Structure formats: structure tokens, C-alpha cells
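1. Here is the input, now give the coordinates:
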Amino acid sequence: MNKLSRWGLAGLAGATLGVGAAVYFGGAKPNLIGEVRADEPKTAAQTTTPAAKKGDHTMFGGTPDHNFVNLVATDISATFDKSEEDEKVSVLGKRIKWKQPLGSRAYGGPTIAGGKIFVGTNNENPRNKRDRGKPTDDDPNGPPIDKGVIMCFEEATGNFLWQFVNDKLESGQVNDWPREGICSTPTVEGNRVYFATNRCEIVCADVDGMANGNDGVTNEKHKEKTDADIIWSLDMIKDLKVFPHNMTASSPLIIGDLLLIVTANGVDENHINIPFPEAPSFLALNKNTGKVVWKSNLPGKAIMHGQWSNCSVGTIKGKPQAIFPGGDGWLYSLELETGKVLWKFDANPKDSKYELGGKGTRSDFIGSPVIHEDKVYIGTGQDPEHFEGIGHFYCIDASKQGDVSPDLVTDAAKDPPETKPNPNSAVVWHYGGEEKRPFAKRDYAYGRTMSTACIIDGVLYISELAGYLHCLDAKTGKKFWQFDTKSAIWGSPYYVDGKILLANEDGDVYFFKHEKEQTVLDEVAEGSAAGVAAEKKAGIDGKDSADAKKAGRDANDEAIKAMKDKVKAKFLLTKVEIGEAVRSTPVVANGQLYIMSEKTLFAVNPK
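-> Sure thing, here's the model as predicted:
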């Protein structure tokens, strides 16, 4: 399995909520609703920006709350051509409108806005001769030079328009993993596109590239018509002392005049020391200038590995909140305007421990928080190089303040620490943790996840790295059913037109039927009950312990298979084989389905 990076406060003191973190607030009061104040000059973006089309997909998750739900598109068919080699296999076939080769790995995007499509990839398929090395006997054109790339295509035709090409960091894989390209999903607002680069920079560029002239800065390294036109950029390593671990992967979120992002600050190559714990992990910039509005170094010295998730924003009880996932496994709600901490939540049991290599029980976050009906939904996860392990998924009441974790530590000197229930806990429900039911196939109910949830009609869908899709009651956390795609999942479930779309690294794209009224078809519960009953009956019938156990296992397997068949028959509409690993989320924009594999961007007709 590849590395993850291969691939998604006004003078506030450090004592806020008991967390030792320095927070900085600078400049004028930020404009949160997007109007231009009288004391600010209007930029080109503000004077010429057209409104986004209703069907555009302008950012990671589609909306600031990051709920992967599309309520606009209709008539997206789940019927596809059959393979000529095997009539049981569905393929994209004649539904492909166009396709474009990318690099060898693509994880950022796609973002569709204003008639253009933006993706993050690497330079293994160079669009410009200058981005190749010297010709060799094996490669007369010259081998590709390792770089980070943002590509822009025309939405209607797929024609290549321009690209942003970035050199790799000299420090190597500790900060910029080889051949991973740009992993950040671009965000588009009007005629500006924002993204984080492989060099830990935040870039604002013209959506038209150099084709309409050179605006903003004029010292770009490349200035051909198919190159990027940079308006401004911020080097977080140089200017903010950020030390990205392996890769900068977060996607910018634009709210009014603010740009919010997780910086990727993390540990060094020995995975123990944090070179710059005082550097910001959470950052707010002025989207027009790139100037810092506020920054927070939470979680400071408590970072366990890296920080690759995304910030989400929503309004809770009338107050905007920015929800930042921390590299310490805590979720932080910050005041949007100042970065002041509103509440914090420990998403791991107090006796959990982080161990290098992923053998431990404590995790941080790869998936992003979803804000829905005054609640926050998020699952824990790790770098996929750490493989599978125990995970937790939470529904959190976002209206509380302070430490809203499930438990509080009363004696940290003990191992495990002594705790008590938190009377201020914001847990609405919890899914996952240890699985103790007899005959269960795993010792945990839910595994580590890189995915972000989608919630529709009170039903929640969330996948995990191990390849399972879980369907839950969004209000109670009750499990309805699960489905095993049998391959690792890096993307997220996506709702559109009464269907749930989900892709995996085997290159399979699944279409599931969504139902408002769900049926409980829990294979683990059914299997466990059947196994216990069979073992008990075998004992009564005089079987010895080993034979009784076998009878229980056989009954468990049979019940699980029967339940799997019911789930498949009821909910699976089709599985489409792409033939290339997909480590992103399929999305629909303006009636068109877009699937980005590691190597190819497919535009798929709705029927």
C-alpha cells in the first residue's frame, strides 16, 4: 500500500481551555460575508468574479460543511455497458464523454467550476518538454522530472488548458514524498483557484492561467500560455516555520474573505521530534492578499505524526464555527473570526496509545469533519502506510463549550490513567471501538478511516480503509448494514440522485441504492447470534468443546453470508470496473459524472 502522502487570536494566551498553544491575530477585522469594506481596494477577483453555477463542485466536499451530498443533479444512471471479455463485468464503455491522462498518481480533486476542471497530480506524464530530463536510450524524449502539478481542463471537451508545475523540496521525502505530486484538492471562487502545493505553499492563481495575461505577481518561473498565473503565494516553511511531514495535503476553505487551512506541521524523519511545535497547525489568511489573519499552533508538542485533514465550517446555534482536526487526535472548534477555541474533543479513549507504525490504539484524523444539523461527525484514522486498526466514529453536539470529551482524566500518573465520565461531554453517539461479540471476525467494530461521511435523510454513510461501507442512523448511531468492497478505500461515499457512489483502490466504483427508511441487516449481529445458538445446541447435544466451537463458527459464517446476500440484493445497483486504482471521490457537476483514477480523469455521461 502506498504512503498517504502518495495519495486528500487576538492576544489569546496558551491557557485557553487548558491547552498550551500560542495564538496570533493580526491585521484588520476579517470580513466574513464577502463584501468589500470601504478601506480596502477592490481586487480583480472582486470586480469581475461571476457567481458559481448551481451545479458546480467548487471545493472538497462541495460545501463548507463537507457533507458529500449533491441535491442538485438528477437522472444519473447506474446502468453501464458490459465488458466484451466478461458480460458479468460493467465498464464505463460508451458512457465516457472524454478522458484525459494525468500523472501516475492523482489525489487532489476533481474540482469543477466556471467551465473548468482542476486536479492535483504529479509530473509522470509531462505536458511540457522542459519538464523532462535529458534524453536516454530508454527514453529518447527524456524521463519525467519529479514535480508537483495542478492541471486545468475545459469542462465541456476535456481539452488541456494550463498547468501549475512546482519543483520538489530539496529536503526530500520527510517533507515532500517522491512522485506524489500535489495532493490538495483545489478550491475555486470566481476567477481564482486556491490550493496547497507539495512545497507547503498556499497559492492563489488565476483560473485562466497565463492565457489572459500575467496578473498578480510577475516573477513566476514559467510564463508560457499554458502555465499558471500566480496572484499571490505564501511559503509556510519560510514564513511560518511549518515542518510538513511527508506531504502538505489539506484543501483551502474560503469563507467570506478568509481562507482556512490545516498546515501539515508534523514530526521529523525519526518520527519522534517535532522540529517546530510553535509553528501554526491551523491558519486563516486573507484570501485576497495571502496575509495572515490569525494562526494557532494547536496541538503544539502533542502532534503524533502529521496533519493531513481539512477544516470544515458551519453555523451552530447562530454562531459560525471552524472545526479543525488536530494531529493529537483532538477535534478543535475555533471561532471563525479570531481563532479562539470554543470547544475541544478527544476522539480516542484515554487509555489509548499511539505507537509508531500504527500498532497502537490512538489515532488522529485523515477524513474531514462533517457539520450537519448542529452536530459534527468524524472518524479517526492514520496514514494508510500504518494499515488497518481500531477506529472510532463520533456524532458530537457542537453547541457546547470547553472540554467536551467523553471522559476526563483524574490521575494521569497511573497507567492506564484514571478517568471519570465528563459531565460536559458532547457525545451524542459513538460507533466503533472494541468488538466483543462472540464469533466476530475482527476485534473492533469499525476500523481506521480516511473517509468523510455523507448524511442524507437521517441516514449516514461512512467507509473505512479496510474497504467496508457502513450505513448508520445519523441521529442514534444504530447500525443498519455494512458492505465489503474487498479493497482499500481512500475516498468517501458520495450521495447523488438517490444513490451512494464509492470507489476503491481496485478500481471499482460502486453504486448503492439509498433508502430513507432503512432495514437493519447487521451481518455481525446475525452471525454472532447464530454462532452462539449453534454452539449452545451442540453442547446440549453432547459435542465436545472443540466440535461445539466449530458448529458455532460454521453457523456464524452461514448467517453472515446470508445477510451479505440480502444487503447486496437490496442495495447494490452496480459495480463498474475502471481498471485503474481510484483514491479519490467520484463527483457530479452540471449533470456530468467525474471519476478520477490515479492516472486518468474520466468525464462520464449521466446515461
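2. mind listing the helices for this structure?
-> Listed from the start of the chain, the chain has helices (DSSP state H) covering 44-48, 236-240, 523-540, 545-571.
3. Select from those helices the stretch with the lowest mean pLDDT.
-> Among the helices of the chain, helix 44-48 carries the lowest mean pLDDT, a mean of 38.
4. rewinding a little: with mean neighbour count added, can I get the helices of the chain in TSV?
-> From N, CA and C alone the C-beta is placed, and that goes for glycine too. What follows is the helices of the chain, written out as TSV (neighbours: other CB atoms under 10 Å):
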stretch	mean neighbour count
helix 44-48	14
helix 236-240	18
helix 523-540	19
helix 545-571	17
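5. Asn70 is nearest to which of those?
-> Relative to Asn70, the nearest member of the helices of the chain by CB to CB is helix 545-571, separated by 18.7 Å.
6. Run the chain-centre distance for that closest one.
-> 34 Å (CA atoms, centre = their mean, to the nearest Å).
7. Give the other helices and strands that it contacts.
-> Judged by 3 or more CB pairs under 8 Å, 6 or more residues apart in numbering; DSSP states H and E, the packing partners of helix 545-571 are strand 479-484, strand 508-513, helix 523-540.
8. Using a markdown table, please lay out the ones you listed together with distance to Gly216.
-> What follows is the helices and strands packed on helix 545-571, written out as a markdown table (distance: least, CB to CB, whole Å):
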| stretch | distance to Gly216 |
| --- | --- |
| strand 479-484 | 47 |
| strand 508-513 | 38 |
| helix 523-540 | 55 |
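9. which stretch among these comes nearest Trp429?
-> When the helices and strands packed on helix 545-571 are ranked by proximity to Trp429, the top entry is strand 479-484, at 10.9 Å, counting by CB to CB.
10. Low-confidence bits of the stretch 101-250 of the chain, can you list those?
-> For the stretch 101-250 of the chain, no stretch has pLDDT under 70.
11. As a check, name the ranges of all strands in it.
-> Listed in chain order, the strands of the stretch 101-250 of the chain (DSSP state E, counting those that start in this stretch) span 106-113, 116-122, 147-154, 160-167, 187-189, 192-196, 201-206, 230-235.
12. The residue nearest to the spatial centre of the chain: what's it in contact with?
-> The structure's the chain has its C-alpha centroid closest to Gly367; by CA atoms, centre = their mean the separation is 4.1 Å. When contacts are counted by CB atoms under 8 Å, 6 or more residues apart in numbering, Gly367 touches Ser309, Ile378, Gly379, Gly381, Thr449, Met450, Ser451, Thr452, Ala453, Ser492.
13. Can you get me a residue count around the residue lying closest to the first one once chain neighbours are set aside?
-> Across the structure, with CB to CB, 6 or more residues apart in numbering as the measure, the residue nearest Ser309 apart from its sequence neighbours is Pro325 (4.0 Å). Neighbours of Pro325 under the rule other CB atoms under 10 Å: 29.
14. ok, back up a step: can you tell which of the helices and strands packed on helix 545-571 is closest to Phe80?
-> Set against Phe80 and scored by CB to CB, the helices and strands packed on helix 545-571 come closest in strand 508-513, at 8.9 Å.
15. Residues contacting that closest one, please?
-> Strand 508-513 has contacts (CB under 8 Å, 6+ apart) with 78, 469, 483, 485, 487, 498-504, 570-578, 582, 586, 595.
16. Please identify the buried residues of it?
-> Judged by neighbour count (16 or more other CB atoms under 10 Å), strand 508-513 contains these buried residues: Asp508, Val509, Tyr510, Phe511, Phe512.
17. tell me how far that strand is from the chain's mean position?
-> Its chain's average C-alpha position is 19 Å from that of strand 508-513, according to CA atoms, centre = their mean.
18. That strand pairs with which strands, parallel or anti?
-> strand 499-503 (antiparallel), strand 572-577 (antiparallel) (DSSP bridges).
19. Tell me which of those is the most buried.
-> A comparison of those by mean neighbour count, using mean count of other CB atoms under 10 Å, puts strand 499-503 on top with a mean of 26.
20. next one: that strand to chain centre, how far?
-> Using CA atoms, centre = their mean, the offset of strand 499-503 from its chain centre is 15 Å.
21. Thr121: which of the buried residues of strand 508-513 is nearest?
-> Nearest to Thr121 out of the buried residues of strand 508-513 is Val509 (CB to CB; 19.0 Å).
22. Would you check how far apart the residue of the chain most remote from its centre and Ala551 are?
-> Most distant from the centre of the chain: Gly542, at 53.3 Å, with distances by CA atoms, centre = their mean. Separation of Gly542 from Ala551 (CB to CB, to the nearest Å): 12 Å.
23. thought Asp547 was touching Gly539?
-> No. Counting by CB atoms under 8 Å, Asp547 sits too far from Gly539 to count as a contact (9.2 Å).
24. Near Val193, how many other residues are there?
-> For Val193, the neighbour count with other CB under 10 Å is 28.
25. Val207 is in contact with that one, correct?
-> Yes. Proximity of Val193 to Val207 meets the contact threshold set by CB under 8 Å, at 5.1 Å.
26. what touches both of the two?
-> Cys152.
27. sorry, back to before: so which of the helices of the chain comes closest to Asp397?
-> Distances from Asp397 to each of those were compared using CB to CB; the shortest belongs to helix 523-540, at 27.1 Å.
28. so how far is the closest one off the chain centroid?
-> How far helix 523-540 lies from its chain's middle: 38 Å, per CA atoms, centre = their mean.
29. neighbouring contacts of that helix?
-> Among residues not part of helix 523-540, those counted as contacts by CB under 8 Å, 6+ apart are 435, 437-441, 445, 479, 481-482, 545, 547-549, 551-560, 562-564, 567.
30. before we move on, back to that, ok, which of the helices and strands packed on helix 545-571 comes nearest Glu201?
-> The minimum distance between Glu201 and these falls on strand 508-513, with 32.6 Å, by CB to CB.
31. Can I get the closest one as PDB, trimmed to CA atoms?
-> Written as PDB, here are the backbone C-alpha positions of strand 508-513 (Å, rounded to 0.1, in the frame of the first residue of the first chain):
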ATOM      1  CA  ASP A 508     -14.200  -0.500  -8.700                       C
ATOM      2  CA  VAL A 509     -16.800   2.200  -8.500                       C
ATOM      3  CA  TYR A 510     -19.900   1.000  -6.600                       C
ATOM      4  CA  PHE A 511     -23.500   2.400  -7.000                       C
ATOM      5  CA  PHE A 512     -25.700   1.700  -4.000                       C
ATOM      6  CA  LYS A 513     -29.400   2.500  -3.600                       C
END
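32. going forward can the numbers begin at 226, since that is how I track them
-> In the new numbering, first residue 226, that becomes strand 733-738.
33. ok, back up a step: mind giving me CSV with the strands of the stretch 326-475 of the chain and columns for distance to Ser624?
-> Written out in CSV, the entries for these read as follows (distance: least, CB to CB, whole Å):
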stretch, distance to Ser624
strand 331-338, 32
strand 341-347, 35
strand 372-379, 38
strand 385-392, 41
strand 412-414, 27
strand 417-421, 30
strand 426-431, 31
strand 455-460, 33
